[in-house]
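Student: What follows is a predicted protein model with its sequence.
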Amino acid sequence: MDHSFWKDHPYVSVGIITGEEIRFRLLGEFIVNNQSIDVTGTQSVILQNNSIVWNGAVYSSLTFIPKDKNSLFCLTDVIIGIDYHWQRKEEQIFPGVLRFIVDGDKLTAINDVHIEEYLTSVISSEMNASASLEFLKASAVISRSWLLRQMENRKAALSSVVSTPPTGPCCPSTNTDEVITWSDRHDHTLFDVCADDHCQRYQGIQKATGESVKQAIHETWGTVLCYQEEICDARFSKSCGGISETYETCWDDHHVDYLTAVPDTMPDTSPIPDLTQEKEAHRWITSSPDSLCNTTDKEILSQVLNDYDQETTDFYRWTCTYTQEELRSLITHNSGIDFGDIIDLVPLQRGPSGRILRLKIIGSKRSLIIGKELEIRRMLSNSHLYSSAFIVDTSKESPVPQHFTLRGAGWGHGVGMCQIGAAVMGAHGFTHKDILLHYYKGATLNKIY
């Protein structure tokens, strides 16, 4: 594929916040409708009659262009961690262009920013700026690779007369007995990526701190992972739980050579246990095998986990217990289906990391098979279960179990780079190339701008 486009157009459009009213502040001089403005105080844009109202005037769209690199803008009430247990609002400051557009019955604030400025914030938002330089460099390369691959996919889809990006979950199997869905990141049509965990965390310049992050960006400027001349769709998660997962376990049913099962050890030549088999998965999940991400080193963990991430504990191996009433209520609320009493949760199919991609919910009124990985995590949690690599223990005091204990492994989908494992590699002197080629087998590093 010809990647020359990025040499002259290394900019990304990021959807930051959506609402009927959006409040913001301009920190410096901006140009609006060819006029220079320098206003102070909190401003508001409001949706009214399918138009944007600001400062007493009506617009179909509204763009604020910074007069120089020192001109920034601030958005208030930005929601981070949407639908996760750490969801909260923040005030965030951004460089670049601020655009407001009408998106159905809401307004959306979009930031057009240079890719490398965007990545400086992403790396600091996804992890702590005090992490080792080589780990930060590896993170910069995969974040850049993932971003450019998504932008190329979106550009190709929008230019096609027969294909447009899907606007919701994909459903290869939907019938009365089985619903298999997955959600991917190419459902944005008005901007390239969003600013939250759905895509990559982009939380403004407050998080873009530390000279090591800037050095990591500078030393990997324009460098991406490639596989057979294509930019890699470089997925990553917090903790694989000991073995990384395959792409097809979590998303559509095609194999991606560089997103495959890898033991999270160095060297990585040890055989992988067959965790697709229930007995072996049970043994693996209820044990604590040695692996890179099996660490309690607080210094390393503080490098990977930012403030609210550190609210999550015991992510390598974890336990979650529900009463019958709690689980029945949770599943009814999340599915909209009355299963009656929950009799059992039965794993039907697992990926090589032990993550479940097909789970049967057996109720006193009805049963249903659900999948894939993220749908299972959503169904069994108020936000998102740490991962779908779990086994189920039930109380046996009656035909209807009164307690369900999920014993699980890992944090996230487990595909691609394991961030905690990579941080351990960086702390032990491995280079960013070592880290990347460990998790993305057969890939190469190429500088494309």
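Tutor: On my side now, so go ahead. Values in this document were obtained by computation on a predicted structure and should not be read as measured data. Residues are numbered from 1 along each chain as shown.
Student: Near residue 324, how many other residues are there?
Tutor: 18 (other C-beta atoms under 10 Å). Every residue, glycine included, has its C-beta placed from N, CA and C.
Student: Flag every buried residue along stretch 367-374.
Tutor: By neighbour count, with 16 or more other C-beta atoms under 10 Å as the criterion, the buried positions of stretch 367-374 are 368-374.
Student: Let me know the closest of the residues you listed to residue 264.
Tutor: Distances from residue 264 to the buried residues of stretch 367-374, taken as C-beta to C-beta, are shortest for residue 373 (17.7 Å).
Student: Now do the contacts for that closest one.
Tutor: With contacts defined as C-beta atoms under 8 Å, 6 or more residues apart in numbering, the neighbours of residue 373 are 182, 245, 249-250, 351, 355-357, 387-388, 413.
Student: Show me those residues that map onto strands.
Tutor: Residues of the contacts of residue 373 located in strands (DSSP state E): 182, 356-357.
Student: So which of those residues wins on neighbours?
Tutor: Neighbour tally across the ones in strands among the contacts of residue 373 (other C-beta under 10 Å): the maximum, 27 neighbours, falls on residue 356.
Student: residue contacts, that one?
Tutor: Taking C-beta under 8 Å, 6+ apart as the definition, contacts of residue 356 comprise 347-350, 371, 373, 376, 388-390.
Student: Can I get these in TSV including distance to residue 114?
Tutor: Listed next are the contacts of residue 356 as TSV, based on distance: C-beta to C-beta, whole Å:
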residue	distance to residue 114
347	45
348	47
349	43
350	42
371	39
373	34
376	38
388	37
389	38
390	41
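Student: thinking again about what came up before, can you tell me which of the buried residues of stretch 367-374 end up in helices?
Tutor: Secondary structure of the buried residues of stretch 367-374 is defined by DSSP state H; positions in helices are 373-374.
Student: from the buried residues of stretch 367-374, which is closest to residue 116?
Tutor: Nearest to residue 116 among the buried residues of stretch 367-374: residue 374, at 30.0 Å, using C-beta to C-beta.
Student: Can you tell me how far that closest one is from residue 245?
Tutor: Here the criterion is C-beta to C-beta, to the nearest Å. By it, residue 374 lies 12 Å from residue 245.
Student: same question, residue 121
Tutor: The spacing between residue 121 and residue 245, counted by C-beta to C-beta, is 27 Å.
Student: So the two - more neighbours on which side?
Tutor: Using other C-beta under 10 Å, the more surrounded residue of residue 121 and residue 245 is residue 245, with 34 against 27.
Student: Any idea how many residues pack against the closest residue to that one other than its chain neighbours?
Tutor: Across the structure, with C-beta to C-beta, 6 or more residues apart in numbering as the measure, the residue nearest residue 245 apart from its sequence neighbours is residue 414 (3.7 Å). A count of neighbours around residue 414, defined by other C-beta under 10 Å, yields 34.
Student: Report the contact partners of residue 414.
Tutor: For residue 414, the set of contacting residues under the criterion of C-beta under 8 Å, 6+ apart consists of 237, 239-241, 243-245, 250, 353, 355, 387, 389.
Student: Residue 243 against residue 355, yeah?
Tutor: No: contact criterion C-beta atoms under 8 Å: residue 243 and residue 355 do not qualify, at 9.5 Å.
Student: Give me the more crowded residue out of those two.
Tutor: Under the criterion of other C-beta under 10 Å, the comparison of residue 243 against residue 355 puts residue 355 first, with 33 against 26.
Student: Contact partners for the more buried one?
Tutor: Going by C-beta under 8 Å, 6+ apart, residue 355 touches 245, 249-250, 373, 387-389, 410, 413-414.
Student: I'd like to know how far it sits from residue 431.
Tutor: In terms of C-beta to C-beta, residue 355 sits 29 Å off from residue 431.
Student: Return the distance of residue 232 relative to residue 449.
Tutor: 16 Å.
Student: Please identify which of those two sits among more neighbours.
Tutor: Neighbour tally, residue 232 and residue 449, criterion other C-beta under 10 Å: the higher count belongs to residue 232, 26 against 17.
Student: who are the neighbours in contact with that one?
Tutor: Contact analysis of residue 232 by C-beta under 8 Å, 6+ apart lists 142, 145-146, 149, 224-226, 258, 440, 443.
Student: For residue 377, which three-state class applies?
Tutor: Classification of residue 377 by DSSP: H, G, I helix; E, B strand; the rest coil places it in helix.
Student: surely it meets residue 371?
Tutor: No: taking contacts as C-beta under 8 Å, residue 377 lies outside contact range of residue 371: 10.8 Å.
Student: follow-up on the earlier one: is it possible to get JSON lines of the contacts of residue 232 that adds pLDDT and distance to residue 70?
Tutor: Putting those into JSON lines (pLDDT from 0 to 100; distance: C-beta to C-beta, whole Å) gives the following:
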{"residue": "142", "pLDDT": "96", "distance to residue 70": "30"}
{"residue": "145", "pLDDT": "97", "distance to residue 70": "30"}
{"residue": "146", "pLDDT": "94", "distance to residue 70": "30"}
{"residue": "149", "pLDDT": "92", "distance to residue 70": "32"}
{"residue": "224", "pLDDT": "97", "distance to residue 70": "30"}
{"residue": "225", "pLDDT": "98", "distance to residue 70": "34"}
{"residue": "226", "pLDDT": "97", "distance to residue 70": "36"}
{"residue": "258", "pLDDT": "98", "distance to residue 70": "41"}
{"residue": "440", "pLDDT": "98", "distance to residue 70": "38"}
{"residue": "443", "pLDDT": "98", "distance to residue 70": "38"}
